[in-house]
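Novice: Quick one, fold the following:
(2 chains)
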Amino acid sequence: MNQITPDSYVTADGRTIGGTVMEMKNITLRFGGVVAIKDISFDIRQGEIRAIIGPNGAGKSSMLNVISGFYNPQEGDVFYKGQKRPPMRPYQVARLGIARTFQNIALFEGMSVLDNVMTGRLHHMKAGLFSQALWKGRAEREEVENREAVEKIIDFLEIQSIRKTPVGRLPYGLKKRVELARALAAEPSILLLDEPMAGMNVEEKEDMSRFILDVNDEFGTTIALIEHDMGVVMDLSDRVVVMDYGKKIGDGTPDEVRNNQDVIDAYLGVAHD
Amino acid sequence: MFYREAGDFKTSYKDDNQTFPIKFDRYRYYAVLFVAFALVPFIVNDYWVNAMLLPFLIYSIAAIGLNILTGYCGQVSLGTGGFMAVGAYACYKFMTAFPEISIIVHVILSGGVTAAVCILFGLPSLRIKGFYLAVATLAAQFFLVWLFNRVPWFYNYSASGQINAPERTVLDIAVTGPNTDAWAKYMFCLVFLTFCALIARNLTRGTIGRTWMAIRDMDIAAEIIGVNPLKAKISAFGVSGFFVGIAGALLFAVYLGAAEAGDSFGITKSFLVLFMIIIGGLGSIFGSFAGAAFLVLLPVLLKNVLVGMLGWPTDLAAHLEFIIVGGLIILFLILEPHGLAQLWRVAKEKLRLWPFPH
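Specialist: Got it, this is the predicted structure:
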């Protein structure tokens, strides 16, 4: 298993991975009698792509929900940028700079792509009610400034041609991309992706992988992702956490995880005698 | 062909953020404003104003208010009648307590009072949703009407239990009371409607409008990207209440002149305004106008056709009117569930190409 080192290092492809930005310490999450997450600890380092994998029902999404504030774990602590994070509502977590996408797309169907992405910039906009009502001063200025930032992301993800289209009319693959755009618009320091490639064909997966790598490379965004496509996970991620039945069974570089006997057992099954 | 956006390029985001980004729309909007402000006041008579224009203007304000809450923020309210009563009674109290202050201030303050009451009754929306919230607002409707009927302080201990609008002037022209000219009433309400519509449009296209729509479309996702659900819902209730309160104040002070909570602001008012936004189009300012026009003008039109042109007896016509309006509502909702605003959008799409097929 990988030893946690406090100092930064440079990966084979030349990216610098910094120190720990988020640390989960002995997290336990229960729903009544069901233990979804059992005493899990792992860390996410600045600038890395961290994958969380595991068979269905392993507790991966619950883990992401703990990070994004949907669930407050019964035991254990979340450390963010070196400080213990008190129990928070999801919108407060978002303000700390943690953005996420969902396994089943959670876009605002009645709004245009542009409005969806603009909503992602909510905490960059501070104009008061009166300024907004009159569309003067700060409100008007902020609308233009944030539109510029949003247009950069729209360019980046190549969705210029659909910016005024209502999201409800878009095909699945594009919706996934718009959701990524909305999360990116917040300029997060950590981006959580819950199965970004689910239900995509090979070409769309390649596109999405490229976008994820580009986001990490250009914006230096730390990314934690859940994914079932092992090829994608092994290619993209710097380190991988493997979960099974709510427990952590592996943690390390893709190569280490691939050769871990517990992980192989979890995925391929093992004879119980 | 007639409705074209080709060649109408924007070079700045400010241009693209306009209320009417397309030139044709903008000119049509100016034309409507010109007709409404500069032509109509000179040609209207008492009948036109009292039967059609005044209720249309006032209900448009109420519909805009409810549309912000229900259409934009997704919170169903059946308390509109009660909230309009708050506006009316607040306006009455202000008018009688501070006669030296302008009626314009009174109407705006009534909107503020209603906003506060609306926020109070909106607080349960944080815990309850959908039909259950509708029932909670229904309680507001009945409670408020009961309150205004039972507490004499609200109607200044008058023997009849009614509130009567005293005469008030703007620039020495009477806008309330029995001696008011039709055009003055019309102008007074038109100015309020114009400002309300502008404010509503500005709010709904900006940050706060996006938080409302985010809550409406998917509240969980809204919260995850940083929308505070408390703030979003409460602000929608507040802004909605402000407009509904202004509509209630105008309905009482300018249109009715005298009111009694149960008769003028009963549950039927709540449904009327709710039908307006459903028929007009949820989540659309234009839809609020269209819905108000449909439900105010159609009965008048039918009455004129049936009684005036066909010479039918008035009582028969009155009953037929209900049947026809009801039938039309059902027909419209089957043909276009998203309301008149959607029909308008579809028509515009078609007009872009007409008469060519592609």
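Novice: any idea which helix is longest in the chain?
Specialist: Let's take chain A. Counting residues, the longest helix found in chain A (DSSP state H) is helix A:138-156.
Novice: that answer is for a different chain, and I need it for chain B
Specialist: helix B:182-205.
Novice: near chain A at all, the following helix or strand past that one?
Specialist: Sequence order places helix B:207-217 as the next helix or strand after helix B:182-205, per DSSP states H and E. Yes: Helix B:207-217 comes into contact with chain A (Cβ under 8 Å from any Cβ of the partner chain), by way of B:207-208, B:210-211, B:213-214, B:216-217. Quick note: C-beta positions are derived from backbone N, CA and C, even for glycine.
Novice: Give the buried residues for the longest helix of chain B.
Specialist: B:182-190, B:192-193, B:196-197, B:199-205 (16 or more other Cβ atoms under 10 Å in any protein chain shown).
Novice: wait, does stretch B:282-293 make contact with chain A?
Specialist: Yes: under the criterion of Cβ under 8 Å from any Cβ, chain A is reached by stretch B:282-293 at residue B:283.
Novice: Let's test this: mean pLDDT of the longest helix of chain A, rounded?
Specialist: Averaging pLDDT along helix A:138-156 yields 86.
Novice: Would you mind pulling up the elements that that helix packs against?
Specialist: When contacts are defined as 3 or more Cβ pairs under 8 Å, 6 or more residues apart in numbering or on different chains; DSSP states H and E, helix A:138-156 packs onto helix A:113-119, helix A:129-134, helix A:172-185, helix B:13-16, helix B:207-217.
Novice: pull the CA atoms of the last one into PDB?
Specialist: Included here for helix B:207-217 are C-alpha records, laid out as PDB according to Å, rounded to 0.1, in the frame of the first residue of the first chain:
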ATOM      1  CA  THR B 207     -29.100  35.400 -10.200                       C
ATOM      2  CA  ILE B 208     -32.100  35.100  -8.000                       C
ATOM      3  CA  GLY B 209     -34.300  33.900 -10.800                       C
ATOM      4  CA  ARG B 210     -31.900  31.200 -11.500                       C
ATOM      5  CA  THR B 211     -31.900  30.100  -7.900                       C
ATOM      6  CA  TRP B 212     -35.700  29.900  -8.000                       C
ATOM      7  CA  MET B 213     -35.800  27.900 -11.200                       C
ATOM      8  CA  ALA B 214     -33.000  25.600  -9.800                       C
ATOM      9  CA  ILE B 215     -35.100  24.900  -6.700                       C
ATOM     10  CA  ARG B 216     -38.100  24.300  -9.000                       C
ATOM     11  CA  ASP B 217     -36.400  21.900 -11.400                       C
END
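Novice: what's the helix or strand for residue A:29?
Specialist: Residue A:29 belongs to strand A:20-31, assigned by DSSP H and E.
Novice: What is the subsequent helix or strand relative to that strand?
Specialist: strand A:34-45.
Novice: Given the very next helix or strand once past that following strand, what are its sheet partners and their directions?
Specialist: Sequence-wise, the next helix or strand downstream of strand A:34-45 (DSSP H and E) is strand A:49-53. According to DSSP bridges, strand A:49-53 forms sheet pairs with strand A:222-226 (parallel), strand A:239-244 (parallel).
Novice: now the shortest one, how far from the chain's geometric center?
Specialist: For strand A:222-226, the distance from its own C-alpha centre to the chain's C-alpha centre is 4 Å (Cα atoms, centre = their mean, to the nearest Å).
Novice: For the residue of the stretch 51-200 of chain B found nearest chain A, which non-adjacent residue is spatially closest?
Specialist: Closest residue of the stretch 51-200 of chain B to chain A, Cβ to the nearest Cβ: residue B:199 (4.6 Å). Among residues not flanking residue B:199 along the chain, residue A:133 sits closest, at 4.6 Å (Cβ to Cβ, 6 or more residues apart in numbering or on different chains).
Novice: one step back: tell me which of the strands paired with strand A:49-53 approaches residue B:280 most closely.
Specialist: Taking Cβ to Cβ, strand A:222-226 is the member of the strands paired with strand A:49-53 nearest to residue B:280, at 43.5 Å.
Novice: Which neighbouring elements make contact with the next helix-or-strand element following that closest one?
Specialist: The first helix or strand that comes after strand A:222-226 along the chain, using DSSP H and E, is helix A:230-236. Other helices and strands packing on helix A:230-236, by 3+ Cβ pairs under 8 Å, 6+ apart, are strand A:49-53, helix A:202-214, helix A:254-258.
Novice: Comparing the ones you listed, which comes out most buried?
Specialist: Among these, strand A:49-53 has the highest mean neighbour count (mean count of other Cβ atoms under 10 Å in any protein chain shown), at a mean of 25.
Novice: Show me the contact partners of it.
Specialist: A:44, A:60, A:63-64, A:212-213, A:216, A:222-228, A:230, A:233, A:236-243, A:257 (Cβ atoms under 8 Å, 6 or more residues apart in numbering or on different chains).
Novice: Whichever of those end up buried, select them in ChimeraX.
Specialist: Entered in ChimeraX, the line below selects the buried ones among these, by 16+ other Cβ under 10 Å:
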select /A:44,60,63,64,212,213,216,222,223,224,225,226,227,233,236,237,238,239,240,241,242,243,257
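Novice: Where does residue A:93 fall, secondary structure wise?
Specialist: Per DSSP H and E: helix A:90-95 holds residue A:93.
Novice: Tell me the first helix or strand C-terminal of the helix or strand harbouring residue B:230.
Specialist: According to DSSP H and E, residue B:230 maps onto helix B:229-250. Using DSSP H and E, the next helix or strand after helix B:229-250 towards the C-terminus is strand B:258-259.
Novice: Identify all contacting residues around that following strand.
Specialist: If you take Cβ under 8 Å, 6+ apart as the criterion, strand B:258-259 is touched by B:88, B:162-165, B:251-252, B:265.
Novice: Going through those residues, which ones are buried?
Specialist: Buried among the contacts of strand B:258-259 (16+ other Cβ under 10 Å): B:88, B:163-165, B:251-252, B:265.
Novice: Out of those, flag the one nearest to residue B:146.
Specialist: The closest of the buried ones among the contacts of strand B:258-259, once distances to residue B:146 are taken by Cβ to Cβ, is residue B:265, at 11.6 Å.
Novice: which one is the closest one nearest to, not counting chain neighbours?
Specialist: Using Cβ to Cβ, 6+ apart, the nearest residue to residue B:265 is residue B:85, at 3.6 Å.
Novice: Residue A:89 too?
Specialist: What sits nearest to residue A:89 in space, not counting adjacent residues and going by Cβ to Cβ, 6+ apart, is residue A:69, at 6.2 Å.
Novice: contacting residues around the one you found?
Specialist: Residue A:69 touches A:88-90, A:92-94, A:98, counting by Cβ under 8 Å, 6+ apart.
Novice: Between the strands paired with strand A:49-53, which one is closest to residue B:18.
Specialist: Closest to residue B:18 of the strands paired with strand A:49-53 is strand A:222-226 (Cβ to Cβ; 37.4 Å).
Novice: What number of residues are in the vicinity of residue 54?
Specialist: Using chain A. Residues lying near residue A:54 (other Cβ atoms under 10 Å in any protein chain shown) number 25.
Novice: my bad, chain B
Specialist: Look at residue B:54: counted by other Cβ under 10 Å, it has 24 neighbours.
Novice: Kindly provide the distance from the nearest residue to it once chain neighbours are set aside to chain A.
Specialist: Nearest non-adjacent residue to residue B:54, counting by Cβ to Cβ, 6+ apart: residue B:255, 5.0 Å away. Using Cβ to the nearest Cβ, to the nearest Å, we find residue B:255 at a distance of 25 Å from chain A.
Novice: Quick check: residue B:255 touching residue B:56?
Specialist: No: using Cβ atoms under 8 Å as the test, residue B:255 is too far from residue B:56 to be in contact (10.6 Å).
Novice: where does the chain have low pLDDT?
Specialist: The chain I'm using is chain A. Confidence mapping of chain A against pLDDT under 70 gives the ranges A:1-6, A:272-273.
Novice: let's do chain B instead
Specialist: In chain B (pLDDT under 70), the answer is B:1-7, B:358.
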